[in-house]
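S.K.: After the sequence you'll find the predicted model.
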Amino acid sequence: MTDSDAHLDVVDRALGDGHPEIRVCLDLDVSWRPLGRRPMVHIGTRRSPLHTPEQAADFAKAITRRAGFRLVGVMGYEGQIAGLGDAPPGHPLKARLIRLIQGRSVPELNRRRAEAIRLIQALTTLEFVNGGGTGSLESTARDASVTELTAGSGLVGPTLFDAYRRFTPEPALLFALPVVRRPGPGIATLFSGGYLASGTGTPDRLPRPYLPAGLSLTGVEGAGEVQTPVRGAAAGHLRPGDRVWLRHAKAGELAERFGEYHVIHDDGQVTEVPTYRGEGQCFG
């Protein structure tokens, strides 16, 4: 992934002159700027400086003229569409604002991305143009310049995707924490569990108790690296050694902390698959 000469400079310094050809993908900024080219209002992820079609084409030209690199693809993650649920529970005004943003952002993005791809393809042949996110598959698919769609977190149904009107995911990935203490009536303390999702640092990034039903995190402690207290009627029946099943908020929390997923098939068979990008890496 590259969006500036500085990235290419790092590769040249690391590999030296005359290094083998490196295939690179241009990272296009697909955020929404309602005030046009003025960046003071920026809605979406802050990743790439390449916002306009002309900026993207200029950098693509620089790549094609530079020895040791070949531009093969373009990608952009439209976080303001794909990563924002348009029906946040209990926040009707916020929901209306998100829908307004998404309704304006989609057509603007599709026009801008199509023009960027047109300019780049006049310089070189692209093998792929990647776009999307679980929450924007429908709108991204309408952009004829995109050749492949990306859907990640929502495939396993984490809690952030409960806030979308367009689809209702079925939770497909859970993690269990053992009860280790009973500090008082109606409270059970679980071991570890502070698997927080990236993003705003708000409560919706915390894991959420799922089974047994009726449990919730405490407002004072939340989910912690050492312990996670839960309260509710079901907590009174839990004893040390029992397990509480939780749902994570996004996708990377579990994949980064555990080396494999245990997949339960329809016939009851259990298999293991490596996590973090299929490599079984663990960064916990």
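M.R.: Cool, the structure landed.

S.K.: which helix of this structure spans the most residues?
M.R.: helix 92-121 (DSSP state H).

S.K.: quick one: buried residues of it?
M.R.: 95, 98, 101-102, 105-106, 109-110, 112-117, 119-120 (16 or more other Cβ atoms under 10 Å). Every residue, glycine included, has its C-beta placed from N, CA and C.

S.K.: now could you export just the CA positions of the helix or strand of the chain with the lowest mean pLDDT as CSV?
M.R.: Each helix and strand of the chain was given a mean pLDDT (mean pLDDT, DSSP states H and E); the minimum falls on helix 252-257 at a mean of 86. Extracted in CSV, the C-alpha atoms of helix 252-257 (Å, rounded to 0.1, in the frame of the first residue of the first chain):
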residue,chain,number,x,y,z
GLY,A,252,-9.6,-7.5,15.0
GLU,A,253,-9.9,-7.8,18.8
LEU,A,254,-10.0,-11.6,18.8
ALA,A,255,-8.0,-12.2,15.6
GLU,A,256,-5.1,-10.2,17.1
ARG,A,257,-5.1,-12.0,20.5
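
S.K.: For stretch 137-153, buried residues please.
M.R.: Those would be Leu137, Ser139, Thr140, Asp143, Ser145, Val146, Leu149, Thr150, Ser153, for stretch 137-153 by 16+ other Cβ under 10 Å.

S.K.: Least confident of the residues you listed?
M.R.: Note: of those, the lowest pLDDT belongs to Ser153, at 82.

S.K.: What are the boundaries of the strands in the protein?
M.R.: Ranges of strands within the chain are 22-27, 69-77, 128-132, 148-150, 175-184, 187-191, 208-211, 216-217, 227-231, 243-247, 260-264, 270-274, based on DSSP state E.

S.K.: Need the residues that contact the fourth one.
M.R.: Going back to what we said before, that points to strand 148-150. Met75, Tyr77, Phe128, Val129, Asn130, Gly131, Gly132, Gly133, Leu137, Thr140, Ala141 (Cβ atoms under 8 Å, 6 or more residues apart in numbering).

S.K.: mind putting those in JSON lines, distance to Ser198 included?
M.R.: JSON lines is the format used below for the contacts of strand 148-150 (distance: Cβ to Cβ, whole Å):
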{"residue": "Met75", "distance to Ser198": "19"}
{"residue": "Tyr77", "distance to Ser198": "13"}
{"residue": "Phe128", "distance to Ser198": "25"}
{"residue": "Val129", "distance to Ser198": "25"}
{"residue": "Asn130", "distance to Ser198": "20"}
{"residue": "Gly131", "distance to Ser198": "20"}
{"residue": "Gly132", "distance to Ser198": "18"}
{"residue": "Gly133", "distance to Ser198": "14"}
{"residue": "Leu137", "distance to Ser198": "21"}
{"residue": "Thr140", "distance to Ser198": "21"}
{"residue": "Ala141", "distance to Ser198": "26"}
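
S.K.: Just the buried ones among the residues you listed, please.
M.R.: Met75, Tyr77, Val129, Asn130, Gly131, Gly132, Gly133, Leu137, Thr140.

S.K.: Between those residues, which sits nearest Pro207?
M.R.: Gly133 (21.2 Å; Cβ to Cβ).

S.K.: That closest one contacts Gln80, doesn't it?
M.R.: No - counting by Cβ atoms under 8 Å, Gly133 stays clear of Gln80, with 9.9 Å between them.

S.K.: Next, count neighbours for Thr64.
M.R.: For Thr64, the count of nearby residues is 13 (other Cβ atoms under 10 Å).

S.K.: mind listing what it touches?
M.R.: Thr64 neighbours (Cβ under 8 Å, 6+ apart): Leu71, Leu123, Thr124.

S.K.: didn't the first one look like it was pressed against Val24?
M.R.: In this case it means Leu71. Yes - between Leu71 and Val24 there is a contact under Cβ under 8 Å: 5.8 Å.

S.K.: So if I had to pick from these two, which one is more boxed in?
M.R.: Leu71 (23 against 19).

S.K.: any idea how far the residue nearest to that one when sequence neighbours are not counted lies from Thr124?
M.R.: Leaving out its chain neighbours, the residue that sits closest to Leu71 by Cβ to Cβ, 6 or more residues apart in numbering is Ile63, at 4.5 Å. Remark: distance between Ile63 and Thr124 (Cβ to Cβ, to the nearest Å) = 8 Å.
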